[in-house]
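Visitor: Turn this into a model:
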Amino acid sequence: MKTGAPSSANGLAWVAGVALVWLWTWKHLSVEWRLNEDYSFGFAVPLLAAALAWQRLSEANATSPPITHKEASLAADWQWRLWLIPAALLYLPGELLRLQDPTWRFSSWLMVFAATLVLVAWLGSLGGRPLVRLLALPVLFNWFALPWPSAIEAPVTLRLLALATGASVDALNWAGIPALQHGNLIELKNGVVGVDRACSGIQSLQAGLMFAVFAGEWFRLSVPRRLALVALGVGLAVGINITRVLLLARHMHLEGGAAFDTYHDRVGAAATTLLVLALTASGWLLRQRAKTYNPMPRSAWPSWRLSGSAGYTALALAVLVPMLSAAWMSQGGSPSAQDQPLWQLRPERLPSGWRAIAGVFSDAELKLLRFSRGSGFHLRGPSGGRAYLVHLFWLPDAAVPSAAYSHRPDICLPGVGWRQMGAPERLDLTLAGRVLPGAVFRFQLGSLERTVFQAVWYGGEAKPPTGPVDSLGNRFQRLALLWREPGRRNHEILAVYVDGQIPPAERQRVFEELLAPLLRPAAVP
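Guide: Okay, here's the model as predicted:
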């Protein structure tokens, strides 16, 4: 096979293609790193991976002769170019899903998998299998920047929330500070400490795992010592996080409710710093002093100049996939991509004795859900009854409509300690001459009960949330929309939260009576 002389142009194309794919992938992941504090450590992952790669290249044993230009040419022309085929097959749907549903983490996994294959193809073209094996760990280290699948993250988070809350309450009472546990809330004499996701320990756990692997490699530990360091990282993450909650509770006990906001970020930063320092010190103590590495001589480093044309293929993949995906998503628009909500909340003609108080969304809610328009009302009845109504709408392109998938009662309420009672049940209401298809959810927290009605519209079409969270059926519906209506992305939600148990026979009447004075079709002035 005639391969030709090594080419600087092909080598530069390889470098540009690999860089563009990874930069585009990291740009997508950076949204999660920026908006979800559980993954804020993700910004450090590419830098740490680069440091590990440089260390391995600088200190690798040069036991095998450098790969020849002929061998590199053969590899670049056929063997490693084949890796670009599955890379393209993963990168294209990953980019389409990113545009259609940015918060579905499956898109992030597809894009990182594709970027990894492109990088492996380039490394294989440079130095064959020896170079790929040498840099396998630094390459795979980038996967620590990926958010966990929701099906795994949610139960782990709930368990950590319960552990942090329960252990903190026990420790506070043992120290003479009266504390009561209400789900994931700690009641003190000066206020209530909410053990939210940031305080659950999931952030410390994920950062601890990532840095334990990094320290094990940086200090060149044996496999048993690396596993011991990972186990230590998990234990330290849980222990330091419980200490974090205790410190926040203590400050609130001594200084009042304002102390929580004052010390929350400071204590969190200190906890993360302590975890990193502890793992660094542990890795240094476990290091194997007798193990040495011979620096790789410059003559053994592979040349970046490669023959063939695989670099142009990698560059084309990096450039064309985002362009074709954007073109597909914008082709023809969609008749269902409405720019106005179907409904609105207007507190008029309330029943006698009832009053509505406009709700204010917290900064955390605005940051998490990023809806385009939203309103909410707290209802107070003459006999002490309480309810909360919320209506949210996501424009097709101005925000992230798929964030609406996270605004389900069976996601939000269990996250603060409520236990779901049974599966959601279908319930259709009739208001203003229109049918509202929805579902009813029931929850319990100690002796308290809460009943929730939720209706969902996706692209103007009613989609009652009766299926389980993140079910494959819901996911396949979104995949089907990529083919049928790629522009159909807007989302609308109506939810009614009622404290207390509502008998099944009374649910339709109760929710219709609550909604009738407030809910209006958006087209009606």
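Visitor: show me what contacts the closest residue to M421 other than its chain neighbours?
Guide: Distances taken as CB to CB, 6 or more residues apart in numbering place R442 nearest to M421, at 4.3 Å, with adjacent residues excluded. Backbone N, C-alpha and C define where each C-beta goes, glycine included. Contact analysis of R442 by CB atoms under 8 Å, 6 or more residues apart in numbering lists Q420, M421, G422, E449, R450, T451, V452, Q501.
Visitor: hmm, try it at 10 Å
Guide: For R442, the contacting residues are 409, 418-425, 449-452, 501-502, 504, 507, by CB atoms under 10 Å, 6 or more residues apart in numbering.
Visitor: now it, what's its secondary structure?
Guide: Secondary structure, DSSP: H, G, I helix; E, B strand; the rest coil: R442 is strand.
Visitor: Give me the pLDDT for it.
Guide: Listed pLDDT for R442 reads 93.
Visitor: Next, work out how far apart it and Q508 are.
Guide: Per CB to CB, to the nearest Å, R442 is found 15 Å from Q508.
Visitor: hang on, the earlier thing: can you tell me who the residue nearest to M421 pairs with across the strands?
Guide: Taking DSSP bridges, one finds T451 as the beta-bridge partners of R442.
Visitor: next one: whichever strand or helix holds V276 to chain centre, how far?
Guide: Using DSSP states H and E, V276 maps to helix 258-286. Remark: helix 258-286 is offset 22 Å from the chain centroid, using CA atoms, centre = their mean, to the nearest Å.
Visitor: Give the next helix or strand downstream of that helix.
Guide: helix 310-330.
Visitor: how about that next one: buried residues?
Guide: 310-315, 317-318, 321-322, 325, 328-329 (16 or more other CB atoms under 10 Å).
Visitor: Over to stretch 446-465?
Guide: Across stretch 446-465, burial judged by 16+ other CB under 10 Å covers 449-460, 463-465.
Visitor: repeat for stretch 207-223
Guide: Those buried within stretch 207-223 under the rule 16+ other CB under 10 Å are 207-208, 210-221.
Visitor: Could you tell me which of the contacts of R442 are located in strands?
Guide: R419, Q420, E425, E449, R450, T451, V452 (DSSP state E).
Visitor: By pLDDT, give me the weakest of the residues you listed.
Guide: R419 (84).
Visitor: For the residue nearest to it when sequence neighbours are not counted, give me its contacts.
Guide: Excluding the flanking residues, the one nearest R419 by CB to CB, 6+ apart is Q444, at 5.2 Å. By CB under 10 Å, 6+ apart, Q444 lies in contact with L413, W418, R419, Q420, M421, R450, Q501.
Visitor: Now, of these, which are buried?
Guide: L413, W418, R450.
Visitor: Please enumerate the strands of this protein.
Guide: 180-182, 185-188, 191-194, 343-345, 355-358, 373-380, 386-394, 419-420, 425-431, 434-445, 448-458, 461-462, 491-499, 519-521.
Visitor: Mean pLDDT lowest where, among the ones you listed?
Guide: strand 191-194 (a mean of 70).
Visitor: and that one, what does it pack onto?
Guide: Applying 3 or more CB pairs under 10 Å, 6 or more residues apart in numbering; DSSP states H and E, we find strand 191-194 packed against helix 150-174, strand 185-188, helix 223-255, helix 258-286.
Visitor: looking at those, which has the lowest confidence?
Guide: Mean pLDDT per stretch puts strand 185-188 lowest among the helices and strands packed on strand 191-194, at a mean of 76.
Visitor: That strand: partners in the sheet, and parallel or antiparallel?
Guide: Paired strands of strand 185-188, with direction, are strand 180-182 (antiparallel), strand 191-194 (antiparallel) (DSSP bridges).
Visitor: Next, the buried residues of it.
Guide: Quick answer for strand 185-188 (16+ other CB under 10 Å): L185, I186, L188.
Visitor: quick one on the thing from earlier: can you add distance to H28 and give the helices and strands packed on strand 191-194 back as a markdown table?
Guide: Shown next, in a markdown table, are the helices and strands packed on strand 191-194 (distance: least, CB to CB, whole Å):
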| stretch | distance to H28 |
| --- | --- |
| helix 150-174 | 17 |
| strand 185-188 | 35 |
| helix 223-255 | 26 |
| helix 258-286 | 24 |
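Visitor: Next one: F393 relative to R370, how far apart?
Guide: Distance, F393 to R370, by CB to CB: 12 Å.
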